[in-house]
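Asks: for reference, the sequence and a predicted model appear below.
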Amino acid sequence: MALTYNFIITREDWSLHRKGEVDQHRHREKVREAIKKNLADIVSEESIILSDGRRVVKVPIRSLDQYRFRYDARKQKHAGQGDGKSKVGDVLGSDPQQSPGNGPGAGEEAGHDYYEADVTIDEIEKIVFEDLGLPNLKEKKNKQLASESIEFRDVRKYGIQSNVDRKRTILEVLKRNALKGNPGIHGITPDDLRYKTWEVIPKYESSAVVLAMMDTSGSMGPFEKYIARSFFFWMVRFLRTKYQNVEIVFLAHHTEAKEVSEDEFFTKGESGGTRCSSVYQLALDLINTRYPKEDYNIYAFHFSDGDNLSSDNEKCIRLIEELLNKCNLVGYGEIEGPYYYTSTLNSSLKKINSPSFVSVTIRDKTGVYPALKAFFKKPDQGGG
Amino acid sequence: MRDQINEELRQLEESIPKIIKIAQDFKLDFYPMRFEICPGEIIYTFGAYGMPTRFTHWSFGKSYHRMKTQYDYNLSRIYEMVINSDPCYAFLLEGNTIIQNKMVAAHVLAHCDFFKNNIYFSHTNPKDIIESMAVAAERFRQYEMIYGQQKVEAFIDSVLSIQEHIDPHRMIKRKEHCINKTKNCCGKKQDATYDDLWKLDQPEHSCQCQGDCSKNKQTKLPEQPEKDLLLFIMENARDLEEWQLDILSTMRDEMLYFWPQMQTKIMNEGWASYWHLRIMREMEINEAEAIEFAKMHAGVVLPSRNSINPYYLGLKMLEDIEKRWDKEYGEGAGREKLFEIREMDNDISFLRNYLTKELVEELDLYLYRKIGHEWKIVEKNWEKVRDHLVYSMTNSGFPVIMVENGDYEQRGELYLKHAFEDRELDIKYLEKTLVHIFNLWNRPVYIETEIDNKAALFSFDGAKGSRKFL
């Protein structure tokens, strides 16, 4: 039978057709740029905070939006199809409750797509820590805060070629030739060669101790605790990455304060009322007994929702002023919860007028990164 | 592996003429067919770009990635990709079973029949679309070499943000503008106060401009609100360079080409599903194949709680129409009616005219919306459901934005107005889109819309955006 139909069927080699891959790569590049721009969001990303030492995390990044005029999906009706038994009032699904302070459009509505980016924590740390440093570092007697440095300190006759010390080699040549009565630079022998060698030496800076203080009282809800822990998570990582031997002391309080282990600090929940002065007093006691001002650069950071016993506020101011006498920097971070009351503690602390006192207010997850930047302003960035 | 693929090819070569024969006996009328079997990634590339030869852009890479991921995790599969072109290119997925590809071939023939015969496609240019998109892609590539990838990409970003704002109904050539031509193309001035009374019997303007010229003296830009934002920007933006105008005009042409597909999604998919069922019934297939076919067909027409499956709704409507017409006008009248519908209708008229009370109830269609944190069914009345569907397809589902004034406040600023019809815009998206439009217009841009029953004006001046209630 002769074919009368006009059709062709083929199969070609498509292995070189990589258009999709190439544009996908470009999209990925743009996502990475976006990571840099959206550090504030990423720093408080749960998958990182809970990463538990894993080196690669998946960061859900809102896939790069393509803006256009579109209807507000949350404000209109949509059509769907049931199994024959649907009736008015049936619930098709529900959005998770927005966490307080999350603002509208937090991604719960249908049709949002997320792009999962594999990012190593190192990569994020690098970007996050770029601008951070311990402010107001001073020389102290007890130098334990070490960072490694490499110094060329010795000259030897044997070594690797790239480390030939030209100056000393020439000197050897000159010396030898002069002794022979034929001065000048000529006839270099292997015996003349001198090599530099280096030594790894700890570079001692001044010792530092960081007092991490967190409010664990009943008024600190999951959101507030999350924010405080996010902050301390990055703080701990940052201090341990950039400095050696910086000591971190973890203090938790409600009406009473106590020193806790790092583990407890990050996991344990407490309840009860709030008396912030208790933790300031504990910090002062520790400084007086364990971390003398002469030996240590001392930093104290306190996070709370500010819901303090009002009778306690005066005492807090007094203690913070005392702390300021001993510390390079005292930072207070207040997490504004779902109830927008005027916090008693923060408004009281406004009376403190010292360049070494930094206070920040955090309203949502994106506030963690700015808080880090406010507390750990690099010395060369002025202020502090 | 190689042998297996060749065997597949051989089998398809054998069965496709049979499928074509059956389709032709059913009076389907399609372009010459070019079937190409290709690997998944290639189909996904085509799916993401809408066309194998389209220009490159990161956003296509994004859709490609999403489609491919879904494919890799077996969440969804595209079985085919067909292009409104003459000859018609259809891409079949390598790794489909032979029976799957047979069904796809049947499905695709019906799509092609639809492209060729539906009136809304009559202005598309299927003869040279593949070629012209390839040439455009090459030109865009050249622009990237000359002006840099970043710059070209950013410009395409901006055009993409408003690409749907064209006027597909204005295929006919626009009236000539009289601006800057002879002062009064109708020649005479009005001499005396009452002279115009004598002219009442005569056509007012004898020239081509049909009256526009006299209005031009106090010309407003545009004279009438203008729906084709892309065209308006092309013709009136002052600072666009040649290459930018080329990109704008190319992307507008591509959108005009794609538009009928968006306008007839339900009909087109319904039509293809209707026919693959009937063509496959005529094929000789064994029991195992029949089961596999049934499974695949069921997957395609699976209903969804959160959206309307166009394959399913379209198929059900067509079958319902056929049944009703046969009953009323005799055997065969239904089929005839279907061919008439495939020629004359689009989704709006299709649903408006043929979605019945019985069908809405049988299919259990409903409307739902967000109440508090829950998505709840709020409407089951069939007319309300039908009207909502029709309504949501107006302008292919995109908000209508009109250009009100291209010389707002005599400062060359652009004033747009959302033709508000009870549906509010996404404000975040609106504000970001204004920035894109500013990038094209290069002067402050405004858009008027409604929020909570109040007229609101948003603007962006190049540095910052603002909003206020009017």
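Replies: Yes, it's here.

Asks: so which bits of the stretch 251-400 of chain B are right by chain A?
Replies: Counting by Cβ under 8 Å from any Cβ of the partner chain, the positions of the stretch 251-400 of chain B adjacent to chain A are B:303-309, B:312-313, B:363-370, B:373-380, B:385, B:388-389, B:392, B:398-399. In short, each C-beta sits where N, CA and C put it, glycine included.

Asks: same deal with the stretch 101-250 of chain B?
Replies: Checking the stretch 101-250 of chain B against chain A by Cβ under 8 Å from any Cβ, the hits are B:157, B:160, B:161, B:162, B:163, B:164, B:165.

Asks: contacting residues for the residue of chain A found nearest chain B?
Replies: Going by Cβ to the nearest Cβ, chain B is nearest to residue A:23 of chain A, at 3.0 Å. Counting by Cβ atoms under 8 Å, 6 or more residues apart in numbering or on different chains, residue A:23 touches B:56, B:57, B:58, B:60, B:61, B:62, B:64.

Asks: nearest the geometric middle of chain A, what residue?
Replies: The centroid of chain A falls nearest to residue A:234 when counting by Cα atoms, centre = their mean (3.7 Å).

Asks: that residue looks like it's in a helix, true?
Replies: Yes - counting by DSSP: H, G, I helix; E, B strand; the rest coil, residue A:234 is located in a helix.

Asks: wait, it touches residue A:124, no?
Replies: No - counting by Cβ atoms under 8 Å, residue A:234 stays clear of residue A:124, with 9.7 Å between them.

Asks: what residues are shared contacts of the two?
Replies: Common neighbours of residue A:234 and residue A:124 (Cβ under 8 Å, 6+ apart) are residue A:43.

Asks: now the strands: where do they sit in the stretch 101-250 of chain A?
Replies: A:114-120, A:145-156, A:195-205, A:207-215, A:247-253 (DSSP state E, counting those that start in this stretch).

Asks: and the fourth one, what other elements does it pack with?
Replies: Using 3 or more Cβ pairs under 8 Å, 6 or more residues apart in numbering or on different chains; DSSP states H and E as the contact criterion, the elements in contact with strand A:207-215 are helix A:222-242, strand A:247-253, helix A:277-289, strand A:296-304.

Asks: what lines up beside it in the sheet?
Replies: Using DSSP bridges, strand A:207-215 pairs in its sheet with strand A:247-253 (parallel), strand A:296-304 (parallel).

Asks: which one of those lies closest to residue A:153?
Replies: Nearest of the strands paired with strand A:207-215 to residue A:153, taken as Cβ to Cβ: strand A:296-304 at 27.7 Å.

Asks: ok, then the element right after the closest one?
Replies: helix A:313-326 (DSSP states H and E).

Asks: pLDDT below threshold where in the stretch 201-350 of chain A?
Replies: A:201-206, A:337-343 (pLDDT under 70).

Asks: quick revisit: inside helices: which ones of the residues of the stretch 251-400 of chain B next to chain A?
Replies: Here DSSP state H is the test, and those give B:312, B:313, B:363, B:385, B:388, B:389, B:392 as lying in helices.

Asks: what's the spacing between the residue nearest to the first one when sequence neighbours are not counted and chain A?
Replies: Nearest residue to residue B:312 in three dimensions, chain neighbours excluded: residue B:301, at 4.1 Å (Cβ to Cβ, 6 or more residues apart in numbering or on different chains). Separation of residue B:301 from chain A (Cβ to the nearest Cβ, to the nearest Å) stands at 11 Å.

Asks: how about residue B:301, phi and psi?
Replies: The phi/psi pair for residue B:301 (degrees, to the nearest 10) reads phi -100, psi 20.

Asks: quick one: it and residue B:315 touch, right?
Replies: Yes - using Cβ under 8 Å, residue B:301 makes contact with residue B:315 at a distance of 6.1 Å.
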